[in-house]
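[1] Need coordinates for the below:
(one chain, ligands or ions: 2)
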Amino acid sequence: MKKIMILDTTLRDGEQAPGNSMHVYEKLEMAKNLRKLGVNIIEAGFASASPDDFESVKEIADQIQGCTICTLSRCLREDIDLSFEALKNAQNKRIHLFLATSPLHLQYKLQMTEEECLQRIDESVRYAKTLFDDIQFSCEDATRTDIAFLKRATKTAIDAGATVINIPDTVGYTFPNEMYTMIRTLKEAFPETCFSVHCHNDLGMAVANTLAAIEGGVSQIDCTVNGIGERAGNTALEEVVMALKTRAEHYQAETDIVLKQIFPVSQALTAITGIKNAPTKPIVGKNAFMHEAGIHQHGVLANRQTYEIIDPTELGIVKNELVLGKHSGKHALVDYLESLDIKLTDEEVNGLFAEFKDLADKKKKITYKDIMYLLSHRHNVKYTRKYSIYSYSIMTVKGNSAFATVKLNTENGVKAAESIGDGPLDAAFKTINRILGKDFHLLDWQSTAVTEGEDALGMTTLRLACDGKEVTGRGASTDTVEASIMAYVNACNKLV
Ligand code: KIV
Ligand code: ZN
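    Ligands and ions are numbered 1, 2, ... in the order given. A predicted model of the protein is given here:
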C-alpha cells in the first residue's frame with residue numbers, strides 16, 4: 001500500500017470562501033479537530049493576508065503538536081519573513097509558496113514574462129530555503145499551463161530547494177484523464193520529487209481528478225473537510241479518503257485518517273461555520289445512509305451490503321438515541337462521553353454538566369445530538385463572556401411594530417435599552433445595538449432544530465458585521481427567540 005499524505009486546507013482555502021470565515025479561536029478549535037482526524041499537514045492560513053490571519057497561524061503553530069503546520073505565502077520576501085515569524089514555534093513547519101504559471105495569469109494578473117516568472121520562483125524558493133527545510137511550491141493554474149513550461153517551473157523550484165511540488169487545478173477546469181497524464185508526465189521527468197495535487201470542484205470533478213492524480217503518481221493531496229473552499233469548493237477529504245478505503249484493491253493506497261473521526265469532525269465544522277451540508281452530500285450528508293424505498297430497506301435488513309458500500313458506524317456516525325435524562329448525574333455523563341471516546345478535563349466536565357442540567361430541565365429527554373450540540377457550543381461560550389443576556393421582554397401584535405426591552409450583563413453592570421422594530425428579532429437586535437453603542441449589521445440568519453420532537457432544541461446561526469469584520473454567532477434554546485438573541489449576543493462578543 002502506498003501512503004498518501006493529506007494536506008488539509010480547510011482553514012485556508014476553505015475559510016477563504018464566503019460565509020466560512022472563522023474567528024481565531026474557532027480556527028484553533030478546528031485545528032484540534034483536524035489533528036484528531038489524523039491529517040498530516042494543516043494549512044493553517046495565509047499568514048501575511050491580514051493581522052488576524054497571522055494570529056491564527058501563529059496560535060495553531062504554537063499549540064498544535066504532532067503534525068506539520070503550514071502557511072500559504074506569495075513569492076515575496078516580506079511574506080516569507082512573516083510566514084517564518086508565524087510558524088516559528090511549530091514542531092514541524094512548512095511554507096507553501098505559490099506563483100501562477102499559466103499564460104492567462106502571467107499576462108493579465110502578474111504582467112510577467114515566462115522568464116521573469118522563473119526568476120521569481122528561483123529567488124523566492126532560495127530565500128525561503130534560508131528559513132525553512134520544508135517548502136511546498138504551487139504552480140497556480142497549473143492545469144491551464146503548457147506542459148513544457150510547467151516542467152521548467154517545476155525544475156526551477158526543485159533546484160532552488162522546494163521539497164513538494166503542488167499542481168493546482170485552480171479553476172476546476174481539468175478532466176481526470178488529463179490530470180492523470182499531466183501527473184504521469186511530471187513524475188516521469190522528476191521521479192524523485194514528491195508531487196501533490198490541489199483540485200477545485202467547478203465542474204464537480206475535484207474528487208475524481210484527485211483520484212486520477214493518485215493513479216498518476218502524487219503522494220500528497222490537498223483537501224478540505226466537507227469540501228468547502230473557493231467557489232464550488234475543494235476536494236472533499238471524506239470522499240477521497242473513503243474512495244481509497246472502499247476501493248483499496250484498485251488504488252493500493254492508504255491515508256493516516258482516523259475514520260471514526262470523519263463524521264464528528266464534519267459536524268464540528270458545520271457547528272463552527274453554521275453552513276450545513278446538502279442532505280445528499282456523499283459520506284457525511286444527512287441522507288447518505290438512509291434507505292426510503294421499501295425494496296432497499298428490505299435488502300439492507302437482509303444484508304447491509306446490498307445497498308450500502310460503507311458501514312456508517314466506521315465513520316463515527318452514532319444513532320440519535322435517548323442517552324440521558326433529567327435525573328442523570330455527572331458520572332452518567334462522563335461514562336457516556338467515554339463510550340464515545342471523548343475525554344474532557346474536570347473543569348470542562350463541570351461546565352458541560354451545568355449546561356446539561358439546564359437543558360434537561362427544559363427538555364427531559366437528552367439525546368446524542370443534544371450532547372453533541374453542547375460539546376460543540378462549549379468553546380463558543382468559553383470565549384465570549386463579555387456580554388450576556390440578563391433579561392428581555394418583547395411585545396408583538398399583528399400589524400404593528402414589535403417593542404423590545406433588553407438588559408445585558410456588561411463589565412460595568414447591567415445595561416438596559418428599548419427599541420421598536422419590524423418584528424420581535426429586529427426590535428431585540430436594535431436594542432442590543434443601542435446598549436452596545438454599535439451599528440452591528442445582520443447579514444444572515446437561520447434557525448434549525450438540533451433534534452426532533454416538540455421540545456426540540458432550536459439552534460440559531462447568524463452572520464453579523466461591523467467595521468469591516470464578519471463573524472458567526474450561535475445560540476440554542478428550546479425557545480427560538482431566545483436562541484436568536486443568544487446568537488446575536490454571541491456574535492457581538494466576537495466583534496468587540
Ligand atoms: O487554487 C489554487 O491554485 C490555490 C493555490 C494557492 C494552491 O489555492
Ligand atoms: Zn485553491
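
[2] alpha carbons only for contacts and neighbour counts from here, please
    Fine.

[3] what sits against K88?
    If you count contacts by C-alpha atoms under 8 Å, 6 or more residues apart in numbering, K88 has them with 58, 61.

[4] do you know how far it is from V471?
    Applying C-alpha to C-alpha, to the nearest Å, the value for K88 to V471 is 28 Å.

[5] Which pLDDT value goes with the residue in the stretch 351-496 of the chain positioned nearest to ligand 1?
    Nearest to ligand 1 in the stretch 351-496 of the chain, going by C-alpha to the nearest ligand atom, is E470, at a distance of 21.9 Å. pLDDT recorded at E470 is 87.

[6] if I look at it, how far off is H441?
    9 Å.

[7] swap in V125?
    Counting by C-alpha to C-alpha - V125 and H441 are separated by 43 Å.

[8] Which of these two has more residues huddled nearby?
    Comparing V125 with H441 by neighbour count (other C-alpha atoms under 10 Å), the higher total belongs to V125, at 29 against 15.

[9] give me every residue that touches the more buried one.
    75, 97, 135, 137, 157, 160-162.

[10] What residue spans form the domains of the protein?
    Domain assignment for the chain by automatic domain parsing gives 2-273, 318-381, 383-495.

[11] follow-up on the earlier one: which pair in the contacts of V125 has the greatest spatial separation?
    In terms of C-alpha to C-alpha, the contacts of V125 reach their longest pairwise distance at C75 and G161, which sit 13.9 Å apart.

[12] circling back: closest to E292 out of the domains of the chain?
    domain 318-381 (16.8 Å).

[13] what does the average pLDDT come to for that closest one?
    Mean predicted confidence for domain 318-381 is 82.

[14] Now do the helix or strand containing F54: everything it contacts.
    Counting by DSSP states H and E, the element that carries F54 is helix 51-63. With contact meaning C-alpha under 8 Å, 6+ apart, helix 51-63 is reached by 24-25, 27-28, 31, 44-48, 69, 71, 82-83, 85-91.

[15] and the residue of the stretch 351-496 of the chain closest to ligand 1, how far is that from M486?
    17 Å.

[16] Leaving aside the residues adjacent along the chain, what's closest to L28?
    Residue nearest to L28 in three dimensions, not counting chain neighbours: I60, with 5.8 Å by C-alpha to C-alpha, 6 or more residues apart in numbering.

[17] if I look at the one you found, how far off is F137?
    22 Å.

[18] was I right about G274 contacting R463?
    No - using C-alpha atoms under 8 Å, G274 makes no contact with R463, being 9.1 Å away.

[19] Common neighbours of these two, please.
    T472.

[20] Tell me how far stretch 445-463 lies from the chain's centre.
    21 Å (C-alpha atoms, centre = their mean, to the nearest Å).

[21] what comes into contact with it?
    Here stretch 445-463 has contacts from 19, 274, 362-363, 367, 369-370, 373, 442-444, 470-480, 483-484, 487-488, 491, using C-alpha under 8 Å, 6+ apart.

[22] Buried among these? Need that as a selection in PyMOL.
    Here is the PyMOL command that selects the buried residues among the contacts of stretch 445-463 (16 or more other C-alpha atoms under 10 Å):
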select buried, resi 19+274+363+367+369+370+373+470+471+472+473+474+475+476+477+478+480+483+484+487+488+491
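
[23] can you pull out the strands in the stretch 201-350 of the chain?
    220-223, 253-254, 322-325 (DSSP state E, counting those that start in this stretch).

[24] most residues in a single helix of the chain, which one?
    Criterion DSSP state H: the longest helix present in the chain is helix 346-363.

[25] one step back: can you tell me which of the domains of the chain the model trusts least?
    The minimum mean pLDDT among the domains of the chain belongs to domain 318-381 (a mean of 82).

[26] So what's the gap between it and the chain middle?
    24 Å.

[27] try stretch 278-292
    For stretch 278-292, the distance to the chain centre is 19 Å (C-alpha atoms, centre = their mean).

[28] Span of it from start to end?
    End-to-end distance for stretch 278-292: 17 Å, by C-alpha to C-alpha.

[29] List the contacts of the closest residue to D422 other than its chain neighbours.
    Leaving aside its sequence neighbours, D422 sits nearest to S401 (C-alpha to C-alpha, 6+ apart; 5.3 Å). Residues near S401 by C-alpha under 8 Å, 6+ apart: 420-423.

[30] One more: D79?
    Per C-alpha under 8 Å, 6+ apart, neighbours of D79: 47-48, 73.

[31] Using JSON lines, please lay out these together with neighbour count, secondary structure and distance to ligand 1.
    Below are the contacts of D79 laid out as JSON lines (neighbours: other C-alpha atoms under 10 Å; DSSP: H, G, I helix; E, B strand; the rest coil; distance: C-alpha to the nearest ligand atom, whole Å):
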{"residue": "A47", "neighbour count": "28", "secondary structure": "coil", "distance to ligand 1": "13"}
{"residue": "S48", "neighbour count": "22", "secondary structure": "coil", "distance to ligand 1": "13"}
{"residue": "S73", "neighbour count": "24", "secondary structure": "strand", "distance to ligand 1": "8"}
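
[32] Now do the closest residue to ligand 1 within the chain against A100, distance only.
    For the chain, the residue closest to ligand 1 is T170, as judged by C-alpha to the nearest ligand atom, at 3.7 Å. For T170, the distance to A100 (C-alpha to C-alpha) stands at 10 Å.

[33] one step back: look at the residue nearest to L28 and say how many residues are nearby.
    There are 28 residues near I60, going by other C-alpha under 10 Å.

[34] likewise D159?
    13.

[35] tell me which residues in the helix or strand hosting it are buried?
    In the assignment (DSSP H and E), D159 maps to helix 147-160. For helix 147-160, a neighbour-count test (16+ other C-alpha under 10 Å) marks 149-151, 153-158, 160 as buried.

[36] ok, now stretch 416-429?
    By 16+ other C-alpha under 10 Å, the buried positions in stretch 416-429 come out as 416-421, 423-429.

[37] From those, which land in strands?
    416-421 (DSSP state E).

[38] and the residues you listed, which two are the farthest apart?
    A416 and G421, at 16.4 Å, using C-alpha to C-alpha across these.

[39] Name the member of the contacts of D79 with the shortest distance to Y390.
    Nearest to Y390 out of the contacts of D79 is A47 (C-alpha to C-alpha; 38.6 Å).

[40] Skipping adjacent residues, who's closest to the closest one in space?
    Distances taken as C-alpha to C-alpha, 6+ apart put F54 closest to A47, at 4.1 Å, once the chain neighbours are dropped.

[41] now do I371
    Closest to I371 by C-alpha to C-alpha, 6+ apart is F356, at 7.8 Å.

[42] what about the one you found, neighbour count?
    23.

[43] For D467, give its distance to K276.
    27 Å.

[44] For those two, indicate the residue with more neighbours.
    Taking other C-alpha under 10 Å, D467 and K276 do not tie; K276 has more neighbours (14 against 10).

[45] Quick one, grab the pLDDT at the more buried one.
    Reported pLDDT at K276 in the predicted model: 88.

[46] wait, it sits on A268?
    No - in this structure, K276 is not within contact of A268 by C-alpha under 8 Å, at 10.8 Å.

[47] So which residues of the stretch 201-350 of the chain form helices?
    Taking DSSP state H, counting those that start in this stretch to define them, one finds helices in the stretch 201-350 of the chain at 206-216, 237-246, 248-251, 262-273, 294-302, 330-339, 346-363.
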